[in-house]
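> Have a look; sequence and predicted model below, questions after that.
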There are 2 protein chains.
Amino acid sequence: MKIAIAQLNPTIGDIFGNSNLILEAAKKAALDGANLLLTPELCLIGYPPRDLLINPSFITATGEQLQQLAQDLPPELAVIVGTAIPNPNAVKQGGKSLFNSAALLLNGKVQQVFHKRLLPTYDVFDEDRYFEPGEKSDYFHIGKLKIGVTICEDLWNNEDFWGKRSYAGEPFSDLAKQGVDLVVNLSASPYSMGKREVRSTMLQHSVIRCGIPIIYANQVGGNDDIIFDGSSFALNRNAELVEVLASFETDFAVLEYDEAKQDLIGNYTSNEAVIQASSLSFSPSEGDAEIWGALVLGVRDYVRKCGFARVVLGLSGGIDSALVAAIASCAIGPENVLGVLMPSPYSSDHSVNDALELAKNLGIAMEMLPIGDLMKTYDRTLADLFVDTTFGIAEENLQSRIRGNLLMAISNKFGHLLLSTGNKSEMAVGYCTLYGDMNGGLAVISDVPKTRVYSLCQWLNAGGIARGENEAEPLDLRYQAEHGNEIIPGNIISKAPSAELKPGQIDQDSLPPYDVLDDILQRLIENHESVKQIVAAGHDEAVVTRIVKLVRQAEFKRRQAPPGLKISDRAFGTGWRMPIAKASFY
Amino acid sequence: MKIAIAQLNPTIGDIFGNSNLILEAAKKAALDGANLLLTPELCLIGYPPRDLLINPSFITATGEQLQQLAQDLPPELAVIVGTAIPNPNAVKQGGKSLFNSAALLLNGKVQQVFHKRLLPTYDVFDEDRYFEPGEKSDYFHIGKLKIGVTICEDLWNNEDFWGKRSYAGEPFSDLAKQGVDLVVNLSASPYSMGKREVRSTMLQHSVIRCGIPIIYANQVGGNDDIIFDGSSFALNRNAELVEVLASFETDFAVLEYDEAKQDLIGNYTSNEAVIQASSLSFSPSEGDAEIWGALVLGVRDYVRKCGFARVVLGLSGGIDSALVAAIASCAIGPENVLGVLMPSPYSSDHSVNDALELAKNLGIAMEMLPIGDLMKTYDRTLADLFVDTTFGIAEENLQSRIRGNLLMAISNKFGHLLLSTGNKSEMAVGYCTLYGDMNGGLAVISDVPKTRVYSLCQWLNAGGIARGENEAEPLDLRYQAEHGNEIIPGNIISKAPSAELKPGQIDQDSLPPYDVLDDILQRLIENHESVKQIVAAGHDEAVVTRIVKLVRQAEFKRRQAPPGLKISDRAFGTGWRMPIAKASFY
């Protein structure tokens, strides 16, 4: 028996377009002689649909589209489609009005539905807001084969693996007790650093425990701040990877369930499987290739799904804007990227030269708009009001806001999407200007710590060697780097970082070194460590206390930040819900 | 037996400060001879604490503070304190790590804890993100009296009243079966228009059904976007209001449980009770007084809890900024409000004069910063790049962004909080400039439709007559209006609304009349009606379709808006979770 996996990139709410993606994959699967096609979680709608789910007419249209799709599909191919299905007992019994479901379509009809039981409600996930949990796990038959159906989080309650239980129910064990031959999983599992290895290692653990093979079909694509890496895979009864789909791109694969061997047979060689699955230890210096792939996909999809063709960004001559320009060039082509230099009297010559060199290396268009006259005009306009005050944060921010205005004027005039270039370290401590350099439709690297910004640029200059075939390729940039040409000018990487908002200013005047800062921030934000614990790890107490205070005080800025591509386990975005007006507990 | 209600205004995360509020109320209750003191939901922490709850050191500190508070309280007074309590079985059984609890403190110790069973996870509520539901409802004894404990949502599953069930459990009925004499409820129920009447009417319905009196203790105060109105109350066995606490201010009351009559005796006369409880039908033209009270409290608390003393805002001569200036003047005193006029060559003379008159009426300070020179300098800076393009949205937005920059410069220089002045109708259709007039730390009227902006101003000019004793008073403004002086200059109310970004522009050039627009928006946003339904209600299909599209397209602006005070059932804020990159389904 042949089973196909369609690793699709749906657009949120585009039930007609997403339906077509499923239909195309089904035709391919039928041609390949497949008996069953798997699609990702909520594939008809796109994940996460958020409050679209509380629009009754959207739910009605989705139900109609599912019926239509059932009729349009090749009749003898069983297709499992992720969608939302109304809960008929909601009003009577109390409970949410929808299920997060997998519908089995066959012979023109919806034959059976399976409801997700474990609903993630943490970080970026809000599933309890919309969905009622399914009561029990179930399976369907294809021929003699009993196939158990699970949806994403359903497989994430492996108590032995995690050392704790996250939910009362345990769907995988329940299906094992029901004697299924195979478990399939429809997922929309967001990317974060090292997440691919966590998934495969965890599911290998589950397979070894229960002896049942698993096919894991994940969504791919960027949806606002969340990037889905795809990286679907299949494990045979011995927990060997027998199929691995591409990361960061749509993909399709057909694998075989051998009824004699009672096991899955895929196209993936065991040697690669071992490499793929055994790299759970993910050191902070690794992962540039996958982060690059994630960010490129995130930019490409946000630009495309929002209906833009081109982007604009400010080039300061610093490393953050250099990295964002390189990512954008790779994502949508350098011919669609406009860099704008906006030097002030405080800008050093090398900043302008470095930015010009970068633009040349990337092959992007460049405009220069000096801001000195605007600075003077603001000073004149505010002179009476600001008389007898000294140059400070107001004047520093004005420079950043003049630049932000010019960029938005260009965005409005030419219809380019403005990309903001602030990194996570800056966003954490508020070392950024609201309505200035924070301006943009997408914050490309706002979840990338400054130390990682450096390592990504060095990796890029070293040729951007990806770890596997499936990593997104830096396109021309990679060719260029492999032939010995720097992409990010060396001076941009080597010089001391500076906002250049007053003469001679460097970041380290007001912040600890970035390796120290990033370690403190990682402990504070991702590890939830207390000041006491961070100090015990070797940091200076005064520094830690100051950083904690800065993080707290910058909350009002982050609340107004553009969506930022998430690559960590805890990003400042839809999964970060912090009050602004609050007392000192961070 | 005497029972006291402390209607407190906690600050989020300020466990020490909030503890002191409880302690002070307890001393007062003890002096008044009370046996029991009730506080609002999560009162020790402040509601909603959001992701502070996933900080382990915060939870530890909260637990320690609860023990400390138990020791500090007058020993013989029973005090019920709302707090979060760790779920000891979370790791073993799966489940969230906390309960949303009521702790009974007496004789220096935590005697008993009660856990919230019905956890709201919709709109602004995310309780399933943090809390495990309590398994059963329980009671405690004071003397012979059996007092059942519920927390907020626990009382909101009255199936008969709502015509549908929202949760499986029904705590009030369960407590009735256990034979309790009285039910107390700790709440943090946010304000929205008409919500007070909904609460009392619903609980009267419940009391009539079960014949058990209720004391309802609600939080008061603004916490970011959410305003808690207080308005705590008590219903006797016959569902008569026997106690009503103030709206929009802290309050304290002691009532009596008469053991002979087996009923509550309060200080509220029945005549008022009837008026209060029978006004559930809440027409759109009513409610100016309560909305005013809510917005004043929201501004006052946000300014105070964020540590500001003064505010600044742009005065355009239009009605939106006029209303915000009046609200701010009432909230923190006109001496703490700075209005800034920033006329352009497109500003009409009457705009400047109207704004000057408004500033005079309110008694606020005023600065004038003409922006013509800045407009010219931007034009010069962008001349080469914009050559052969025509004046359009880029140039219009630049004016708004110049003003936004000047206001932020003033905010940064003098430490004033910038208030933004956009209304809900504009925010809905995107008739506002990101990084321009949307700039600010707080969006005061971003949940107030334009038609309501007019009615609030007219109400204010008519003397701001509040419906009851407990409405917030417009202070001097009220005195002024009652003595025949206009507060909002008549011309501001009567002239056609205009953004004045090009000569002769008025809002109605590009938008339908505001009464039409607001009705469409209300149906679309709050009532979840489809285009078809809205057209069936009498609106033009082309207009409706265009408005739906505008609402969808403005999502990227709203995502970056400041927190906006919520007064409706569906505001663009923490309870509005809409994807940006999405297909046309709104």
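Cool, the structure landed.

> from what I can see A:V448 touches A:K424, true?
Yes: counting by Cβ atoms under 8 Å, A:V448 sits close enough to A:K424 to count as a contact (5.6 Å). The way it works is simple: take the backbone N, C-alpha and C, and place the C-beta from them, glycine included.

> show me the contacts for the residue nearest the centre of chain A.
Closest residue to the average C-alpha location of chain A: A:I227 at 2.4 Å, with Cα atoms, centre = their mean. Residues near A:I227 by Cβ atoms under 8 Å, 6 or more residues apart in numbering or on different chains: A:P190, A:Y191, A:G221, A:F248, A:A294, A:L295, A:L297, A:G298, A:D301, A:L565, A:K566, A:I567.

> Just the CA coordinates for the helix or strand hosting it, please, in CSV.
Element membership of A:I227, judged by DSSP states H and E, is strand A:226-229. Extracted in CSV, the C-alpha atoms of strand A:226-229 (Å, rounded to 0.1, in the frame of the first residue of the first chain):
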residue,chain,number,x,y,z
ILE,A,226,5.3,31.9,12.7
ILE,A,227,7.5,29.9,10.3
PHE,A,228,6.6,26.2,9.7
ASP,A,229,9.6,24.3,8.5
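
> Beyond it, next helix or strand please.
The first helix or strand that comes after strand A:226-229 along the chain, using DSSP H and E, is strand A:233-235.

> ok, back up a step: tell me how far the residue nearest to the centre of chain A lies from chain B.
Plainly put, A:I227 is 12 Å away from chain B if you go by Cβ to the nearest Cβ, to the nearest Å.

> do the same with A:D569
Distance of A:D569 to chain B, given as Cβ to the nearest Cβ: 12 Å.

> Am I right that that residue is in a helix?
No: secondary structure of A:D569, determined by DSSP: H, G, I helix; E, B strand; the rest coil: coil, with no helix assignment.

> so which residue of the stretch 201-350 of chain A comes closest to chain B?
Residue nearest to chain B within the stretch 201-350 of chain A: A:K305 (3.6 Å; Cβ to the nearest Cβ).

> ok, that residue - how many residues close by?
Number of residues near A:K305 (other Cβ atoms under 10 Å in any protein chain shown) recorded here: 23.

> With A:K532 instead?
For A:K532, using other Cβ under 10 Å, the count is 11.

> host element of it?
helix A:531-536.

> Pretty sure A:T250 sits against A:N9.
Yes: with contact defined as Cβ under 8 Å, A:T250 counts as touching A:N9 (5.1 Å).

> The residue in the stretch 151-300 of chain A that chain B sits nearest to: neighbouring residues, count only.
The minimum distance from the stretch 151-300 of chain A to chain B, using Cβ to the nearest Cβ, falls at A:R165 (3.8 Å). By the criterion of other Cβ under 10 Å, A:R165 has 19 neighbours.

> that older thread, and A:V448 and A:K424? which has more neighbours close in?
Comparing A:V448 with A:K424 by other Cβ under 10 Å, the one with more neighbours is A:V448, at 29 against 26.

> Please report how far that one lies from A:I215.
Relative to A:I215, A:V448 is positioned 33 Å away (Cβ to Cβ, to the nearest Å).

> same deal with A:Y514?
Computed with Cβ to Cβ, the distance linking A:Y514 and A:I215 is 42 Å.

> between those two, who's got more neighbours?
Set A:Y514 next to A:I215 and count neighbours by other Cβ under 10 Å: A:I215 wins out with 26 against 20.
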